[in-house]
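[1] Using only what follows, build the 3D model:
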Amino acid sequence: MPKVSFADLFTATQHYQQENYTEAYNEFYKLAEVGNGDAIYNLAVMSLYGQGTEKNLTLAYAYFTIAAEYGIAESQKTAQLIATQYQDKQALKQVLEQKRALFGYPFMSQKYSPNFTELAFSNDPIEKVYEKVPAYPEQAARQGLEGWVWLEFDVGVTGAVKNIKVIDSYPKNIFTSALLNAVSIWRYKANHPKKNHSLVYHFTTFKGKEYQRTLGFQQKDYRNEIKRHIDAAEQGNAQIQYYVANWLSSDKYNASQLLKYHWRDDTAHLTMLLAAAKNNYPIAQYKLAIELLSNTPSTHQFNVAVNWLYRSAKTFAPAQYKLATLYADSNNEIFAPHKATNWYKQAVAQDNRAAKALSLHLFKYSPNSPQITKWLETALGRDRGDPELLLLKAKLSKSNDPQKALRLAKTALRNAKERNWDASPIQTFLRRE
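    Next comes the predicted model:
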């Protein structure tokens with residue numbers, strides 16, 4: 001997975017403390033764009049003193065006033081002090097209205113604030129008929145390591161898993177192979193296909209057994225480590241906030257119980273995920289959007305999810321791919337095939353699912369597009385035996401080379417049966433030959 005760039009409150013604050021004011025101002029501004037009240041307060045301070053930007057009392061007044069809307073009490077007092085000393089009240093009002101339209105709490109709440117009380121989550125809402133439990137890696141068991149792997153995949157008509165994508169894992173690469181080996185042979189209930197299913201699998205069993213014997217000796221160090229994570233999260237370290245959200249989402253981690261002494265609310269993992277998202281962390285923004293979309297969301301929740309997808313999609317390819325799938329779905333209220341095409345194209349460089357999806361999408365909605373072959377060959381370069389791609393190639397070859405089309409379709413049929421994928425579209429094509 002490519003490294004993603006982001007600005008978080010902790011980093012921006014470090015820049016400020018080191019007097020790197022230009023970098024600090026720029027990062028605080030990025031955070032303000034997703035409704036981070038602390039960042040807006042810091043923009044106010046820097047505008048007041050001319051740090052990283054020109055000294056501007058009208059801007060300082062606007063930012064202090066808006067920060068007060070986010071619950072930062074001292075902001076209102078400073079705003080009132082500026083107002084008593086500044087003669088041009090109309091200028092203060094005008095700049096405040098301009099900035100409220102961009103960063104005001106009511107506007108940002110409507111755009112980015114979900115209602116967690118409406119949500120009821122299931123780890124795997126589609127029904128499995130066969131499941132192989134992933135093998136816990138021996139090295140991880142010996143070291144007492146626990147973690148998670150986040151996958152996305154499609155479930156076909158036959159219930160077979162296909163088009164698997166690793167979104168994230170922690171620790172990196174420790175548990176990924178074990179889960180991929182297991183999930184690739186899982187089977188779900190037939191005739192219930194699902195696109196872009198999201199699964200976070202938690203590896204915890206072995207560490208729990210190991211630590212029953214050793215945690216008593218390690219407890220002081222372990223608690224200190226947890227405290228460091230809590231402190232980092234509260235100081236605005238977005239990556240740690242994201243990790244804490246994942247730990248809080250399960251009761252099985254050794255860390256979970258200690259963290260839940262500090263964050264006791266039932267939706268604490270979502271609150272922490274939202275904090276990381278407001279810290280402009282693209283993976284957290286994407287995860288939050290997926291959580292909101294995991295059930296049938298209200299119109300407001302759906303719009304909030306799409307807004308977070310757009311934020312994440314600035315740098316994160318899976319968010320680009322997800323937006324494409326939403327726009328490509330004719331049953332979706334935002335159905336727009338041309339937008340789907342654009343988002344698939346943005347995702348294709350870093351998401352190995354996108355070239356296949358794009359070639360199939362273009363064939364469906366722009367069958368005469370000269371780009372179909374380009375993306376088809378790109379996708380086949382990643383999986384030469386993919387039955388759906390071979391069928392598409394057969395359809396494209398049919399008019400110019402019927403014998404080649406027939407050979408491709410027969411290969412596609414054989415591969416579909418080997419993979420337990422739906423063979424009916426291939427059989428239909430062969431019957432017409």
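[2] Count the neighbours of Pro137 for me.
    By the measure other C-beta atoms under 10 Å, the count of residues near Pro137 is 17. C-beta: built from backbone N, CA, C; applies to glycine.
[3] Could you verify my assumption that it touches Phe175?
    Yes - look at Pro137 against Phe175 with C-beta atoms under 8 Å: they come within range, at 6.5 Å.
[4] Low-confidence bits of the stretch 101-250 of the chain, can you list those?
    By pLDDT under 70, the low-scoring segments of the stretch 101-250 of the chain are 120-125, 205-222.
[5] Please enumerate the strands of it.
    128-130, 147-155, 161-170, 187-188, 194-203 (DSSP state E, counting those that start in this stretch).
[6] and those, which is most packed in?
    Burial of the strands of the stretch 101-250 of the chain is given as mean neighbour count (mean count of other C-beta atoms under 10 Å); strand 147-155 ranks first at a mean of 21.
[7] Packing partners of that one?
    strand 161-170, helix 176-183, strand 194-203 (3 or more C-beta pairs under 8 Å, 6 or more residues apart in numbering; DSSP states H and E).
[8] Determine the angle, from 0 to 180 degrees, between the shortest one and strand 147-155.
    What that stands for is helix 176-183. With axes from the mean of the first three to the mean of the last three C-alpha atoms, to 10 degrees defining the directions, helix 176-183 sits at 40 degrees from strand 147-155.
[9] Over to the last one?
    For strand 194-203 and strand 147-155, the angle between their directions (the same axes, to 10 degrees) works out to 160 degrees.
[10] what does strand 194-203 contact?
    Contacts to strand 194-203, defined as C-beta atoms under 8 Å, 6 or more residues apart in numbering, come from residues 123-124, 126, 134, 136, 140, 146-155, 167, 175, 178-179, 183, 188, 246, 249-250, 252-253, 290, 294, 321-322, 325, 329.
[11] so Trp421 makes contact with Thr158?
    Yes - using C-beta under 8 Å, Trp421 is in contact with Thr158, at 6.2 Å.
[12] How about Tyr130: which residues does it bridge to?
    Judged by DSSP bridges, the bridge partners of Tyr130 are Arg187.
[13] what's near enough to touch it?
    Contacts here follow C-beta under 8 Å, 6+ apart; on that basis Tyr130 touches 185-187.
[14] JSON lines for those residues, including distance to Leu199?
    Shown next, in JSON lines, are the contacts of Tyr130 (distance: C-beta to C-beta, whole Å):
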{"residue": "Ile185", "distance to Leu199": "15"}
{"residue": "Trp186", "distance to Leu199": "10"}
{"residue": "Arg187", "distance to Leu199": "14"}
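[15] No more questions from me, cheers.
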